[in-house]
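Please find the sequence and the predicted model below.
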Amino acid sequence: MRWITDMNDTLKILLVEDDDGDYFFTKSVLEEAYGDKCSIDWKNNIGSALQATQDEHYDVFLFSLNVGAENGIDLTRQVQSQGSETPVVLLTGTGGAGVEAEARQAGASEFLAKQHLSAPLIERTIRYAVEQKKDEQALRRLAHYDPLTGLANRTLFNLRLSEGIATAKRLRESIALLVLDLDHFKKVNDTFGHPVGDKLLQAVAARVSDCVRETDTVARLGGDEFAVIATHLGRRDNAAVVANKVIRGVARVSQVDDQVLSTSASVGIAFFPEDAYDVDDLLKRADLALYQAKDAGRGVYRFYDSDLDKKTRAVSRLQAQMFKSIQKKHFVLHYQPIVETETSKLVGVEALVRWEHPGQGLVGPRTFIPIAESSGLIIVLGEWILKQACRQLKEYQDSGLEHLSVSVNISAVQFNHEKLFEHVAAAIDQSGILPSQLELEITESTLMSTATQVNETLQKLSELGVKLCVDDFGTGYSSLAYLKRFPLNRLKIDRSFIQEVLRNQDDAAITRAIITMAKALRLEVVAEGVETDQQFAFLRNHGCETVQGFFVSRPMPGEKLLQWHQRYCASHDPAGAD
Ligand SMILES: Nc1nc2c(ncn2[C@@H]2O[C@H](COP(=O)(O)O[C@H]3[C@@H](O)[C@H](n4cnc5c(=O)[nH]c(N)nc54)O[C@@H]3COP(=O)(O)O)[C@@H](O)[C@H]2O)c(=O)[nH]1
């Protein structure tokens with residue numbers, strides 16, 4: 001729609017009037033009001049009027065209420081249904097409130113009684129009608145467009161996608177929905193401030209719009225999330241072409257104001273009807289594909305994959321079950337003995353968590369620890385494990401195993417959590433054990449992950465008196481400098497070396513080297529996964545102080561340990577008994 005901005009513009013009017021006299025009178029009033037700044041197209045029947053509304057662009061329609069046997073209100077309805085944005089002023093004869101109400105419902109903006117027509121009145125009425133339309137348009141814009149980027153907002157996106165789906169159904173075509181998210185956008189906001197972030201979003205919106213066809217819809221769904229509805233794609237592969245163009249386009253946004261930025265986007269793609277049949281499901285699936293793209297290292301696109309979706313749902317189900325099981329106390333700890341090689345004496349136990357799953361029986365930690373870590377549930381679960389392990393240790397000590405210690409595995413997520421120290425201190429405090437009787441096992445990769453923060457946490461724990469052990473030693477980073485840097489007490493030689501220690505010379509050499517190095521650094525050594533008496537003997541002969549493994553005992557429920565210990569003492573050197 002063209003709007004009159006000042007009097008240099010010419011007002012283009014379509015006047016629909018079947019009465020010659022009324023036409024000439026209206027024309028003269030218009031000319032008096034606008035002089036040569038108006039051009040009037042006159043139609044005296046509905047058919048030619050409708051044709052003109054389609055062929056030409058007008059600033060205002062002036063429709064007589066009666067046009068032959070037909071009606072200006074019907075004409076108004078018809079032009080509205082064609083999506084016309086041009087304001088309609090209805091020229092009435094006698095009129096009346098009923099006619100006005102019907103005409104407004106049909107979409108007319110203003111009314112003029114023919115018998116009161118005058119230049120000032122017609123100019124004012126047309127001005128009101130035009131302004132009213134402008135306001136309506138502005139409101140519609142606000143409701144349908146994102147003010148920052150000028151792109152369609154979520155409301156219009158939903159409308160366009162459901163319209164697109166309806167059309168695609170009729171034409172038996174596919175639609176590709178691409179959901180795009182800027183990588184590390186929060187960092188841009190945090191580092192350079194929100195004005196730079198806003199400009200980046202504007203630049204990205206422009207790039208994405210440049211990469212797609214005019215008939216496609218580009219929308220900003222919120223924050224740094226954008227979407228493209230790509231229609232009439234032909235082949236499925238073409239969606240990948242669009243995604244690649246978009247990713248490359250976004251990567252070219254390298255400067256905002258004076259700030260040099262490195263921008264990248266990840267894209268998830270889902271198709272109607274192959275992946276989903278309605279707006280919500282299509283969006284969910286494109287979002288799932290987007291997560292896959294982000295996981296794959298960002299700056300890439302991924303198609304929705306129903307197999308992955310099934311796995312994700314299974315993980316979500318497991319997460320929900322875990323959450324309930326934590327509340328219902330369906331987790332238990334098993335304990336694996338750790339013995340001295342020289343004396344065969346029981347010196348410690350490692351606490352190993354198991355899930356008493358209501359439907360699946362006892363589930364091992366390899367199944368659920370990664371899910372607990374990714375969902376954050378490990379924090380609550382880990383806190384319970386610490387408390388339970390310390391409580392159990394106190395019971396063993398009270399039953400005569402005074403010098404026993406307990407080792408607890410701490411996952412990377414737990415280790416980086418601000419409350420770890422608090423949870424450890426509370427577990428010790430509430431159980432009444434000595435801090436030195438609790439050992440925390442941390443893997444090499446956790447130690448190396450965020451060195452500064454890790455060191456602070458380790459220092460605090462060490463000052464508290466807790467012992468620190470590097471789990472799975474030998475499988476992680478080759479940098480050994482951290483052994484000197486961190487306040488560690490013990491290295492646990494990984495099971496993989498012990499398994500082959502008698503058959504594989506390299507594994508034997510590595511095992512010996514770890515023991516020698518630990519001694520040089522005044523660290524204790526424990527070997528895990530000892531399954532045979534020959535492995536036990538090898539470790540004892542090479543100076544490994546402590547071991548654990550099936551050769552000594554499999555992990556067992558807490559209440560079985562004391563009985564096991566009695567049997568163990570009976571079958572070993574009495575000097576080994578505590
Ligand atoms: N964050 C936490 N992680 C935990 C906790 N409890 C266990 N875990 C980690 O899960 C992994 C698997 O543990 P699990 O199935 O309990 O297996 C342990 C032992 O059963 C097994 N083991 C012990 N001796 C032998 C042996 O002789 N042979 C053999 N094949 N396996 C043996 O080793 C696992 C103990 O490993 P480690 O922790 O490295 O000492 C495992 O990575 C656990 O760390 C928990 O509470 N929190």
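Right, received. Where do you want to start? Because the structure is a prediction, the values reported are computed rather than measured. Residues are numbered from 1 along each chain as shown.

So this structure: which segments form each domain?
What automatic domain parsing lists as the domains of the chain is 11-143, 154-304, 315-571.

Out of the ones you listed, which gets nearest to the ligand?
Shortest distance between the ligand and the domains of the chain, using C-beta to the nearest ligand atom, is found for domain 315-571: 3.3 Å. All C-beta atoms are positioned from the backbone trio N, CA, C, and that covers glycine.

circling back: would you format the domains of the chain as TSV with mean pLDDT and mean neighbour count included?
Compiled in TSV, the domains of the chain are given as follows (pLDDT from 0 to 100; neighbours: other C-beta atoms under 10 Å):
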stretch	mean pLDDT	mean neighbour count
domain 11-143	90	17
domain 154-304	92	18
domain 315-571	93	17
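
got these as a markdown table, with distance to the ligand columns?
Formatted as a markdown table, these follow (distance: least, C-beta to the nearest ligand atom, whole Å):
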| stretch | distance to the ligand |
| --- | --- |
| domain 11-143 | 50 |
| domain 154-304 | 22 |
| domain 315-571 | 3 |
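
give me phi/psi at the nearest residue to K484 once chain neighbours are set aside?
Leaving aside its chain neighbours, K484 sits nearest to L521 (6.9 Å; criterion: C-beta to C-beta, 6 or more residues apart in numbering). Backbone torsions of L521, given as degrees, to the nearest 10, read phi -90, psi 10.

next one: E70
Dihedral angles phi and psi of E70 (degrees, to the nearest 10) take the values phi -100, psi -170.

Chain neighbours aside, what residue packs nearest to it?
With C-beta to C-beta, 6+ apart as the criterion, E70 has its nearest non-adjacent residue at 4.7 Å, and that residue is I46.

And the strands in the stretch 201-350 of the chain, which stretches?
Remark: strands of the stretch 201-350 of the chain, listed N- to C-terminal, are 217-222, 225-230, 255-256, 259-260, 265-272, 301-303, 331-340, 346-357; assignment by DSSP state E, counting those that start in this stretch.

do the stretch 1-150 of the chain as well
Applying DSSP E, counting those that start in this stretch to the stretch 1-150 of the chain gives strands spanning 11-16, 38-43, 60-64, 66-67, 70-71, 88-92, 110-113.

Listing partners with orientation, what would you give for the fourth one?
By that I understand strand 66-67. strand 70-71 (antiparallel) (DSSP bridges).

go on, the last one?
Taking DSSP bridges as the criterion, strand 110-113 pairs within the sheet with strand 88-92 (parallel).

For the partner strand, list the C-alpha coordinates in PDB.
Listed in PDB are the C-alpha atoms of strand 88-92, where the atom choice follows Å, rounded to 0.1, in the frame of the first residue of the first chain:
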ATOM      1  CA  VAL A  88     -12.600   2.100   2.100                       C
ATOM      2  CA  VAL A  89     -14.800   5.100   2.600                       C
ATOM      3  CA  LEU A  90     -18.500   4.400   2.000                       C
ATOM      4  CA  LEU A  91     -20.700   7.100   0.400                       C
ATOM      5  CA  THR A  92     -24.100   6.600   1.800                       C
END
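
longest helix of the protein?
Determined from DSSP state H, the single longest helix within the chain is helix 119-144.

now the angle between strand 60-64 and that helix, please.
Note on geometry: by axes from the mean of the first three to the mean of the last three C-alpha atoms, to 10 degrees, helix 119-144 and strand 60-64 are set 120 degrees apart in direction.

C-terminal to helix 119-144, what's the next element?
Per DSSP states H and E, helix 119-144 leads on to helix 154-171 as the next helix or strand towards the C-terminus.

residue ranges for the helices of the stretch 451-578 of the chain, please.
All helices of the stretch 451-578 of the chain, identified by DSSP state H, counting those that start in this stretch, fall at 451-464, 481-485, 495-499, 505-520, 533-541, 561-571.

Redo those as JSON lines? Include distance to F61.
Below are the helices of the stretch 451-578 of the chain laid out as JSON lines (distance: least, C-beta to C-beta, whole Å):
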{"stretch": "helix 451-464", "distance to F61": "70"}
{"stretch": "helix 481-485", "distance to F61": "80"}
{"stretch": "helix 495-499", "distance to F61": "83"}
{"stretch": "helix 505-520", "distance to F61": "89"}
{"stretch": "helix 533-541", "distance to F61": "95"}
{"stretch": "helix 561-571", "distance to F61": "92"}
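
Distance to C469 added to the strands of the stretch 1-150 of the chain, as a markdown table?
Compiled in a markdown table, the strands of the stretch 1-150 of the chain are given as follows (distance: least, C-beta to C-beta, whole Å):
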| stretch | distance to C469 |
| --- | --- |
| strand 11-16 | 85 |
| strand 38-43 | 90 |
| strand 60-64 | 84 |
| strand 66-67 | 94 |
| strand 70-71 | 91 |
| strand 88-92 | 83 |
| strand 110-113 | 84 |
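
Identify whichever of those lies nearest to I378.
Distance to I378, taken as C-beta to C-beta, is lowest for strand 88-92 among those, at 65.7 Å.

residues making contact with that closest one?
For strand 88-92, contacts defined as C-beta atoms under 8 Å, 6 or more residues apart in numbering pick out 17, 22, 26, 60-65, 72-73, 76, 79-80, 99-100, 103, 107-114, 117, 125-126, 129.

try 6 Å
Residues external to strand 88-92 that are found in contact with it (C-beta atoms under 6 Å, 6 or more residues apart in numbering): 61-65, 72, 76, 103, 108-114, 125, 129.

swap in stretch 155-172?
The set of residues external to stretch 155-172 that reach it, using C-beta under 6 Å, 6+ apart, is 144, 175, 217, 219, 227, 229, 231, 272, 279.

what's the closest of these to D472?
The shortest gap between D472 and any of those belongs to A227, at 43.5 Å (C-beta to C-beta).

That closest one reaches V179, doesn't it?
Yes. Assessed by C-beta atoms under 6 Å, A227 is found in contact with V179 at 5.2 Å.

T475 contacts D494, doesn't it?
Yes. In terms of C-beta under 6 Å, T475 counts as a neighbour of D494; the distance is 4.8 Å.

secondary structure element for I378?
When elements are defined using DSSP H and E, I378 is found to belong to helix 377-398.

Can I get the next helix or strand after that helix in PDB, CA atoms only?
Beyond helix 377-398 in the direction of the C-terminus, DSSP H and E gives the next helix or strand as strand 405-409. These are the backbone C-alpha positions of strand 405-409, laid out as PDB (Å, rounded to 0.1, in the frame of the first residue of the first chain):
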ATOM      1  CA  SER A 405      39.100 -45.900  55.000                       C
ATOM      2  CA  VAL A 406      36.600 -45.500  52.300                       C
ATOM      3  CA  SER A 407      37.200 -44.300  48.700                       C
ATOM      4  CA  VAL A 408      34.500 -42.500  46.800                       C
ATOM      5  CA  ASN A 409      34.400 -41.700  43.100                       C
END
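
Who are the packing partners of strand 405-409?
Using 3 or more C-beta pairs under 6 Å, 6 or more residues apart in numbering; DSSP states H and E as the contact definition, the elements that strand 405-409 packs against are strand 346-357, helix 377-398, strand 438-443.

List the neighbouring strands of that strand plus their orientation.
When pairing is defined by DSSP bridges, strand 405-409 lines up against strand 346-357 (parallel), strand 438-443 (parallel).

Export those as JSON lines, with columns for distance to K134.
As requested, the strands paired with strand 405-409 are arranged in JSON lines below (distance: least, C-beta to C-beta, whole Å):
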{"stretch": "strand 346-357", "distance to K134": "64"}
{"stretch": "strand 438-443", "distance to K134": "66"}
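
And those strands: which comes nearest L561?
Using C-beta to C-beta and comparing those, the one that lies nearest L561 is strand 346-357, at 6.8 Å.

quick one, the closest one and helix 561-571 angle?
In terms of direction (the same axes, to 10 degrees), strand 346-357 departs from helix 561-571 by 140 degrees.

circling back to that earlier point, any chance of the strands of the stretch 201-350 of the chain in CSV with distance to T516 as columns?
Formatted as CSV, the strands of the stretch 201-350 of the chain follow (distance: least, C-beta to C-beta, whole Å):
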stretch, distance to T516
strand 217-222, 59
strand 225-230, 55
strand 255-256, 56
strand 259-260, 51
strand 265-272, 48
strand 301-303, 48
strand 331-340, 19
strand 346-357, 22
